[in-house]
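Visitor: Sharing a model prediction with you, sequence too.
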Amino acid sequence: MSLQNQISNHFSDNIQTQQAVMASLCELIEYAGHGLVQCLLNDKKIIACGNGRFTACAQQLVTLLLDRYERDRPALPAINLAAEASTLSAIANHLHFDEVYAKPLRALGQAGDMLVIYSDGQHCANLSKAIKNAHDKDISVLALTGNHGGMIAPLLKETDIEIRVPAYATARIMETHVLITHCLCDLIDQQLFGAS
């Protein structure tokens, strides 16, 4: 296979994944957008986290909320639990890696906040523990996943939301999470600040 064919395959796979999400998950993405807006209207915050490359998705969400998506507007309260490498490594060293998100969530999270988790659906004990701690603190969960939802899907309550990308390749899942994140930020801006 030529390198150009390999490139074309990446684009084709991406397009197919995006079309599948557009066909089956638009209503759920809209519902998640309403949940995030309600959280913010109640003077609560959005707390995000993810593992590996999905940490970048969590950071992107928080950056777009604190700064801007496509227009100037007031900053919105958001925290990325993975933003402090020194804190993560200290917790992992003194306790266990499973605690890297759960411990700061116990300190920073409040009832009514929303925890947004990014995962490809693979093994993620630290994200699972964060979900359990969120539930203990009456924090709802929005989980962006892939594959079969992995360890995360069975932990979610009826009041939580899972947006599961119908893909198995980590790259396709992450690409779609980025697009969904942009949709969510646009929905937040539209609902809180009106049409641009």
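Guide: In hand now; what should we look at?

Visitor: switch to C-alpha atoms for all contacts and neighbour counts from now on
Guide: Fine.

Visitor: Mind jotting down where the strands sit in this structure?
Guide: Counting by DSSP state E, the chain has strands at residues 46-50, 78-80, 114-118, 140-145, 161-164.

Visitor: Let me know which of the ones you listed is the nearest to residue 22.
Guide: Residue 22 lies closest to strand 161-164 among the strands of the chain, at 11.8 Å (C-alpha to C-alpha).

Visitor: Could the C-alpha coordinates of the closest one be exported in CSV?
Guide: Provided in CSV are the C-alpha atoms of strand 161-164 (Å, rounded to 0.1, in the frame of the first residue of the first chain):
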residue,chain,number,x,y,z
ILE,A,161,-24.4,10.5,30.6
GLU,A,162,-22.1,8.3,28.4
ILE,A,163,-21.3,9.4,24.8
ARG,A,164,-19.7,6.2,23.4
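
Visitor: how about the strands of the chain in JSON lines, adding distance to residue 170 and mean neighbour count?
Guide: Converted to JSON lines, the strands of the chain look like this (distance: least, C-alpha to C-alpha, whole Å; neighbours: other C-alpha atoms under 10 Å):
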{"stretch": "strand 46-50", "distance to residue 170": "13", "mean neighbour count": "26"}
{"stretch": "strand 78-80", "distance to residue 170": "21", "mean neighbour count": "23"}
{"stretch": "strand 114-118", "distance to residue 170": "12", "mean neighbour count": "26"}
{"stretch": "strand 140-145", "distance to residue 170": "10", "mean neighbour count": "26"}
{"stretch": "strand 161-164", "distance to residue 170": "12", "mean neighbour count": "22"}
